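A.B. asks: Just need the structure, nothing else, for what follows:
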Amino acid sequence: MRWLSQAEHDLESAVNNLEKVKFYSDACFMSEQAFQKALKAYLLFRGERYILSHSVRELVDWCTKFDGEFNNFIEYGMILDKYYIPIRYPDTLAPPTVPFKSYTEKEAKEAVDYAKRIVGLVRED
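C.D. replies: Predicted coordinates for the structure are as follows:
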């Protein structure tokens with residue numbers, strides 16, 4: 001499935017940003033993207049067709065209607081949603097802060113771990 005394939009690619013990009021180039025904000029964002037796309041892959045597999053939300057938290061809730069195991073990912077969704085908009089635009093944080101200087105290795109490691117878990121779960125299904 002195309003959505004899962006893209007999620008796996010985004011996860012690989014997140015890992016490379018974390019481990020090779022140490023671009024922590026990029027690792028966080030690509031982890032959010034991998035997570036979001038894996039959830040959309042799952043929903044499409046379940047027959048859903050109009051998936052307009054970009055909120056990981058909302059998508060996790062939606063997935064729980066098909067499988068209660070997704071309840072374990074609600075907190076991850078709340079965290080990863082913070083990596084969707086603020087991480088991409090320099091005017092979303094208080095000046096003089098810029099996103100690429102605002103995210104830590106710890107945050108990036110957690111985000112990558114979350115993405116690995118959800119991609120793995122969707123892949124198994």
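
A.B. asks: going forward, measure contacts between C-alpha atoms and count neighbours the same way
C.D. replies: Will do.

A.B. asks: Now do Tyr24 against Asn71, distance only.
C.D. replies: Distance of Tyr24 to Asn71, computed by CA to CA, to the nearest Å: 27 Å.

A.B. asks: The two: which has the busier surroundings?
C.D. replies: Regarding Tyr24 and Asn71, a neighbour count based on other CA atoms under 10 Å identifies Tyr24 as having more, with 26 against 15.

A.B. asks: Distance check, that one against Lys101.
C.D. replies: If you measure Tyr24 against Lys101 using CA to CA, the figure is 8 Å.

A.B. asks: anything in contact with each of the two?
C.D. replies: For the pair Tyr24 and Lys101, no residue contacts each of them under the criterion CA atoms under 8 Å, 6 or more residues apart in numbering.

A.B. asks: What is the neighbour count of Val122?
C.D. replies: As a measure of burial, Val122 has 17 neighbours, counting by other CA under 10 Å.

A.B. asks: Oops, could you answer that again for Pro90 instead?
C.D. replies: Should you count by other CA under 10 Å, Pro90 turns out to have 15 residues around it.

A.B. asks: For the closest residue to Tyr24 other than its chain neighbours, report the pLDDT, please.
C.D. replies: Setting aside the residues directly before and after it, Tyr24 is nearest to Ala108 in space (CA to CA, 6 or more residues apart in numbering), at 5.3 Å. The predicted local confidence for Ala108 comes out at a pLDDT of 98.
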